[in-house]
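Visitor: Could you look at this predicted model? Sequence included:
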Amino acid sequence: MKTQKQQIKAYLSKGKSITPIDALSKFGCFRLSARIADLRNESLNIATKYVTKGDKTFASYSVK
């Protein structure tokens with residue numbers, strides 16, 4: 001079985017973006033920002049976009 005990091009990397013590599021809610025529901029990942037930091041340390045070029053819905057703001061990550 002692939003690790004959360006490997007699953008997230010594969011998901012992003014398909015040109016998709018991911019939010020913390022997506023990561024939790026798809027991969028059981030509570031700490032998406034930590035996994036993104038791990039991927040950035042492996043030189044994966046990841047963009048961060050901040051999205052506001054109602055009174056909530058959250059990050060959406062995608063590969064540049």
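Guide: Sure thing, it's come through.

Visitor: Which secondary structure element is home to Gln6?
Guide: Mapping Gln6 onto the secondary structure by DSSP states H and E places it in helix 4-13.

Visitor: ranges for the helices of this structure?
Guide: For the chain, applying DSSP state H gives helices covering 4-13, 20-27, 32-41.

Visitor: and Tyr61, which of these is closest to it?
Guide: If you check each of these against Tyr61 by Cβ to Cβ, helix 32-41 wins as the nearest, at 5.4 Å. For the C-beta atoms, the positions are set from N, CA and C on the backbone; glycine is no exception.

Visitor: what angle sits between the closest one and helix 20-27?
Guide: Between helix 32-41 and helix 20-27, the angle comes out at 80 degrees (axes from the mean of the first three to the mean of the last three Cα atoms, to 10 degrees).

Visitor: Which neighbouring elements make contact with helix 32-41?
Guide: Contacts of helix 32-41 with other secondary structure elements, assessed using 3 or more Cβ pairs under 8 Å, 6 or more residues apart in numbering; DSSP states H and E, are made with helix 4-13, helix 20-27, strand 46-53, strand 56-63.

Visitor: one more time with 6 Å, if that's ok
Guide: Helix 32-41 sits against helix 4-13, with contacts defined as 3 or more Cβ pairs under 6 Å, 6 or more residues apart in numbering; DSSP states H and E.

Visitor: how much does the helix it packs on deviate in direction from strand 46-53?
Guide: With the same axes, to 10 degrees as the basis, helix 4-13 and strand 46-53 are set at 80 degrees to each other.

Visitor: Now helix 4-13: buried residues?
Guide: For helix 4-13, burial by neighbour count (16 or more other Cβ atoms under 10 Å) applies to 4-5, 7-9, 11-12.
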